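Undergrad: build me a structure from this.
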Amino acid sequence: MIPYGKQSIDQTDIDAVIDVLNSDWLTQGPKVPQFEKAVVDYTGSKNAIAVNSATSALHIACLALNVAAGDLVWTSPISFVASSNCALYCGATVDFIDINQATGNMCTIELERKLIIAKKNEQLPKVIIPVHLAGQSCDMKRIYALSLEYGFSIIEDASHAIGAKYQNKPVGNCQYSDICVFSFHPVKIITSAEGGMATTNDPELARKMQLLRSHGVTSVDTEMTEPSHGPWYYQQISLGFNYRMSDIHAALGLSQLQKVDTFVAKRHKLANLYVELLDDTLVTPLVQTNNTYSAYHLFIVQLKVPCKTKHRELVTQLRSQNIIGHVHYIPIHLQPYYQALGFEPGDYLNAECYYDGAVTLPLYPELTIEQVQYVVKTVHDILS
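TA: Presented below is the predicted three-dimensional model:
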C-alpha cells in the first residue's frame, strides 16, 4: 500500500524521545523552549509558541488578536475545517474568499473585490487567514498591502508550509503577517507526533498566546496583582486552555527540524518527477508561482476537465491498486455544519470546481522513483 503521506522517523528521532523518557522532565521541561528557539532561528521570527496542535495555535492566535462576537474573519474555503473553526470558537462570524483555481490558494483579486464591497457596507473583517495549500505560500505581500489599506490583521495558516519560502525568505518570519501557524501532525513535513507552533514578531501577541496555552496562569511578578506568596505561587490572570506541548513531543519535533530542508528537497525531487511524467496525461499539477518555494506537503493534481464522476473513479481505482489517492479538500462551506450557518453550493464557484477535479497523489521522502512511476502509470491507465 502506498499512502498519500507519512512520517519519516529515524534512529536520531527515537533516541531524542528516549532521552526525554529517561530524564526528569516529560512535560514543562527544557525541550519545549529549545524547540521554540530552534523554530525562531529557522524562520527568522522573533517569537515562537509551541502548542499541542495547529488547531490550538489558530485558536489562541485569534484570541490574541481579540477576535470575539461581532467580528468577521475571512479565510479560504479550500482547507481543513480548523482554518475557519478557530474563529467560530471565539464567537466570530466566518466568511470565505474564493481561490485561484490554478494554485488552490486565496485569490487576491477576489479578496480585494470583496473588501471594496465590505467597506461600503461597513462590514470589514477583523482578521484574514490565508492558507498555504500543499505548502505553497499565498501572495502575502499583496495581502499585507490590502491589510494596510483596509485595517485587518493576518494569521498565516502555514500548517502545510514549514520549510517553504516566500520571496526567498522562510515562511514563518511574519514579515507580512501578525502570526503564522505551523502543524507537526505525522503527515506534515516534520512531525512532533501531534503539535503545532505559532510564530510572531510582536512580543505582546507572543505573551498573550503563552498565557492562553496554559490556563491563563502566570508566575511572573510583574503580571500578578499582589506580591508573590512564595516560590510556589501563581495567579490565573486570564481565561486560558490546556494547550501545552509536552517535552516528549518537543524532543521529536526538535530532532525532525534538523532534517526539514533535506525532507523538502526530497519532496521537490519527487514532485519534479511527477510533473515530468504527468506531462501528457489528463491531469495537471497545481501551478507553482515564481516567488515561492513550496514545502510540497501534498502533491495535488486536477483533472483538466473537472468531472465528479471521473474524479470519484480516479480516486476509487487508485485505491483498488493499493495507491491511497485522496482529496484536499472538501470546500468548507459545503460541510453540513456550515450550510446550517447559511452557506450554499454555488457560493464559491472556483473552490467547488477545484473540488470536482482535485486529487492528491502520494508524496513523502521515502517514496521511491519506481513508486512514482507506478502511480503515474496507474493514473494514465485509469484516465485512458
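Undergrad: just want the phi and psi numbers for the spatially closest residue to Pro170 that is not a sequence neighbour.
TA: Excluding the flanking residues, the one nearest Pro170 by C-beta to C-beta, 6 or more residues apart in numbering is Thr43, at 4.7 Å. C-beta here means a position set from N, CA and C on the backbone, and glycine is covered the same way. Main-chain torsions, Thr43, degrees, to the nearest 10: phi -90, psi -20.
Undergrad: now the one 5 residues further on
TA: When read as degrees, to the nearest 10, the backbone of Ala48 gives phi -140, psi 140.
Undergrad: measure stretch 74-81 end to end?
TA: 13 Å (C-alpha to C-alpha, to the nearest Å).
Undergrad: any buried residues in that stretch, and which?
TA: Trp74, Thr75, Ser76, Pro77, Ile78, Ser79, Phe80 (16 or more other C-beta atoms under 10 Å).
Undergrad: tell me which residues touch the second one, please.
TA: So the one you mean is Thr75. Counting by C-beta atoms under 8 Å, 6 or more residues apart in numbering, Thr75 touches 83-84, 87, 94, 96-97, 106, 128-131, 157, 332.
Undergrad: domain map for this protein?
TA: 11-257, 260-383 (automatic domain parsing).
Undergrad: a markdown table for those, including distance to Tyr4 and mean pLDDT?
TA: Listed next are the domains of the chain as a markdown table, based on distance: least, C-beta to C-beta, whole Å; pLDDT from 0 to 100:
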| stretch | distance to Tyr4 | mean pLDDT |
| --- | --- | --- |
| domain 11-257 | 8 | 97 |
| domain 260-383 | 5 | 96 |
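Undergrad: from Ser219, how far off is the spatially most central residue of the chain?
TA: For the chain, the residue nearest the mean C-alpha position is Ser159 (1.7 Å; C-alpha atoms, centre = their mean). Distance of Ser159 to Ser219, given as C-beta to C-beta, to the nearest Å: 31 Å.
Undergrad: what do you get for Thr200?
TA: The value you get for Thr200 to Ser219, if C-beta to C-beta is used, is 22 Å.
Undergrad: neighbour-wise, which of these two wins?
TA: Taking other C-beta atoms under 10 Å, Thr200 and Ser219 do not tie; Thr200 has more neighbours (26 against 12).
Undergrad: can you report how many residues neighbour the nearest residue to Gln28 once chain neighbours are set aside?
TA: Distances taken as C-beta to C-beta, 6+ apart place Arg244 nearest to Gln28, at 6.9 Å, with adjacent residues excluded. The number of residues packed around Arg244, counting by other C-beta under 10 Å, is 20.
Undergrad: helix or strand: which one has Arg244?
TA: Per DSSP states H and E, Arg244 falls between elements, in no helix or strand.
Undergrad: let me see the contact set for it.
TA: Contacts of Arg244 by C-beta under 8 Å, 6+ apart are Thr27, Gln28, Val32, Ala50, Val51, Asn52, Arg213, Ser214.
Undergrad: if we can go back for a sec, closest to Glu344 out of the buried residues of stretch 74-81?
TA: Proximity of the buried residues of stretch 74-81 to Glu344 was ranked by C-beta to C-beta; the top entry is Pro77 with 12.2 Å.
Undergrad: still on that earlier bit, for Gly5, which of the domains of the chain is the nearest?
TA: Among the domains of the chain, if distance is taken as C-beta to C-beta, the winner is domain 11-257, at 3.9 Å.
Undergrad: could the domains of the chain be laid out in JSON lines, adding distance to Gly5?
TA: Formatted as JSON lines, those follow (distance: least, C-beta to C-beta, whole Å):
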{"stretch": "domain 11-257", "distance to Gly5": "4"}
{"stretch": "domain 260-383", "distance to Gly5": "5"}
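Undergrad: among those domains, which is the most enclosed?
TA: domain 11-257 (a mean of 20; mean count of other C-beta atoms under 10 Å).
Undergrad: off-centre distance for it?
TA: Its chain's average C-alpha position is 9 Å from that of domain 11-257, according to C-alpha atoms, centre = their mean, to the nearest Å.
Undergrad: which parts of the stretch 51-200 of the chain are strands?
TA: With DSSP state E, counting those that start in this stretch as the criterion, the stretch 51-200 of the chain has strands at 72-75, 93-96, 127-129, 153-157, 165-166, 169-170, 179-183, 196-200.
Undergrad: rebuild the ones you listed as TSV, extending it with distance to Ile116.
TA: Putting the strands of the stretch 51-200 of the chain into TSV (distance: least, C-beta to C-beta, whole Å) gives the following:
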stretch	distance to Ile116
strand 72-75	14
strand 93-96	15
strand 127-129	14
strand 153-157	18
strand 165-166	25
strand 169-170	30
strand 179-183	26
strand 196-200	29
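Undergrad: could you say which helix or strand contains Val301?
TA: Going by DSSP H and E, Val301 is in strand 299-303.
Undergrad: so which elements touch that strand?
TA: helix 260-277, strand 283-285, helix 308-320, strand 358-361 (3 or more C-beta pairs under 8 Å, 6 or more residues apart in numbering; DSSP states H and E).
Undergrad: Throw the ones you listed into a markdown table and include distance to Leu146, thanks.
TA: Listed next are those as a markdown table, based on distance: least, C-beta to C-beta, whole Å:
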| stretch | distance to Leu146 |
| --- | --- |
| helix 260-277 | 29 |
| strand 283-285 | 28 |
| helix 308-320 | 33 |
| strand 358-361 | 26 |
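Undergrad: how close does Asp95 sit to Ile382?
TA: Distance from Asp95 to Ile382, by C-beta to C-beta: 37 Å.
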